[in-house]
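Student: Here you go, sequence then predicted model.
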Amino acid sequence: MPAKKCDFPEGALRIRFQPGTRNYRQRNPMKIIHSIREMQAEADRMRANGLRIGFVPTMGFLHEGHLSLIREAGRRADRVVVSIFVNPTQFGPNEDFAAYPRDFERDRKLSEAEGADVIFSPAAEEMYPAGHCTHVDVDGLTETLCGASRPGHFRGVTTVVTKLFTAVKPHVAVFGQKDAQQAAVIRRMTADLNLDVEIVVAPIVREADGLAMSSRNVYLSPSEREDATVLRQSLLAAEDLFRKGERDASVLIRSVRSMISSKPSARVDYVSLADPGTLQPIDEARSGALLAVAVFIGKTRLIDNLILP
Ligand code: PAF
């Protein structure tokens, strides 16, 4: 039996009902937008058509972790916007901004295949024109964990995410749990500034051997890549201690540190057991606490975490 097509107004969600199969969305070709004004106009059009906008902010060089966020946004919205912008203001002077991996063409294909409707990819001058001097600061939450070793990083993140939100005007934005602190800071900022955006945090996506997916994994040499699995293994070993009854945070932290230190290329930046909302360190381990690590494997700084069961 031929597919029965339903007519919808221009720009609205078009659905083709095919008897015997799952209904699926038929999409317009993906748009690539570089200007903030044009992105805002596109967002206004989508909103005027009653469409819910899902947003996945990224710095590009997409991997399966990002693709899972795009899929999550697709489940929660009618249209999905993916931003690709390597944000200079969240990198410290001695960090890897210049070397950060970039491949727009690959990102374009992957986003399109995953069903993204728009890629928003502004130039740095578009986001930070001459004279730009407004920043967003979230106090307290940004001073612990990664904030302690990367001063200014979260100010760059919160500023750019606010600017991306005002460009994309999303109803829902999806972030990854791998950057647990970033997710907590964005949640706090969104609540404090009364931004009308639902924040969703999606689970960490891992390689088969447990290494959390990250654009920075491409920096690792083969032996470093092997050593990098210790992040996950050390967290799981501490989780096991917790399951067996250990509640002293210092014991769990020592266990993670000593496992990581056994790898020749590894140097611990921090290991912390923290309250998942305030991100302040806690002395007594409890269910729901955030166990987080940052480790240099060679010159590459990797992070990972888990929530105690
Ligand atoms: O998580 C990231 O990739 C970045 O910190 C973000 C949220 C895209 C802001 O630049």
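Tutor: That came through, no problem.
Student: Just the element for F296, please.
Tutor: strand 290-297 (DSSP states H and E).
Student: Now the residue lying closest to S35 once chain neighbours are set aside: phi and psi?
Tutor: Closest residue to S35 apart from its sequence neighbours, by C-beta to C-beta, 6 or more residues apart in numbering: E126 at 6.4 Å. Quick note: C-beta positions are derived from backbone N, CA and C, even for glycine. Note on E126: backbone dihedrals following degrees, to the nearest 10 are phi -70, psi -40.
Student: got the contact list for E126?
Tutor: Residues in contact with E126 (C-beta atoms under 8 Å, 6 or more residues apart in numbering) are H34, S35, I36.
Student: Which of the residues you listed fall in strands?
Tutor: Residues of these located in strands (DSSP state E): none.
Student: Sort out for me which of these are in helices.
Tutor: I36 (DSSP state H).
Student: want to throw the contacts of E126 into TSV with distance to the ligand, pLDDT and neighbour count?
Tutor: Below are the contacts of E126 laid out as TSV (distance: C-beta to the nearest ligand atom, whole Å; pLDDT from 0 to 100; neighbours: other C-beta atoms under 10 Å):
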residue	distance to the ligand	pLDDT	neighbour count
H34	16	98	12
S35	18	98	13
I36	15	99	18
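Student: Now do the end-to-end distance for stretch 288-306.
Tutor: 9 Å (C-alpha to C-alpha, to the nearest Å).
Student: should've said stretch 47-63
Tutor: 29 Å.
Student: roughly how far out does it sit from the chain middle?
Tutor: On the basis of C-alpha atoms, centre = their mean, to the nearest Å, stretch 47-63 sits 13 Å off its chain's mean C-alpha point.
Student: Pull out the buried residues from that stretch.
Tutor: Neighbour counts over stretch 47-63 (16 or more other C-beta atoms under 10 Å) mark 51-63 as buried.
Student: what do you get for stretch 202-209?
Tutor: By 16+ other C-beta under 10 Å, the buried positions in stretch 202-209 come out as A202, I204, V205, R206, E207.
Student: Mind listing what's buried along stretch 118-131?
Tutor: Quick answer for stretch 118-131 (16+ other C-beta under 10 Å): V118, I119, F120, S121, P122, E126, M127, Y128.
Student: what do you get for stretch 94-107?
Tutor: Buried, per 16+ other C-beta under 10 Å, within stretch 94-107: Y100, D107.
Student: do stretch 65-80 as well
Tutor: 65-74, 76-80.
Student: now, the most widely separated pair of the residues you listed?
Tutor: Within those, two members stand farthest from each other by C-beta to C-beta: G65 and D78, at 23.3 Å.
Student: Around the ligand, pick out the residues from the stretch 51-200 of the chain.
Tutor: P57, T58, M59, N87, Q90, V157, V160, V161, D179, Q182 (C-beta under 6 Å from any ligand atom).
Student: of those residues, buried ones?
Tutor: The buried subset of these - by 16+ other C-beta under 10 Å - is P57, T58, M59, N87, Q90, V157, V160, V161, D179, Q182.
Student: Throw these into TSV and include distance to E105, thanks.
Tutor: Shown next, in TSV, are those (distance: C-beta to C-beta, whole Å):
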residue	distance to E105
P57	20
T58	15
M59	16
N87	20
Q90	24
V157	26
V160	23
V161	25
D179	25
Q182	27
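Student: tally of neighbours for S265?
Tutor: S265 is flanked by 19 other residues according to other C-beta atoms under 10 Å.
Student: got the phi/psi numbers for it?
Tutor: Main-chain dihedrals, S265, degrees, to the nearest 10: phi -90, psi 0.
Student: what ranges do the strands span in the stretch 201-309 of the chain?
Tutor: 266-274, 290-297, 300-307 (DSSP state E, counting those that start in this stretch).
Student: The ligand is nearest to which of those strands?
Tutor: For the strands of the stretch 201-309 of the chain, proximity to the ligand was assessed by C-beta to the nearest ligand atom; strand 300-307 is nearest, at 10.9 Å.
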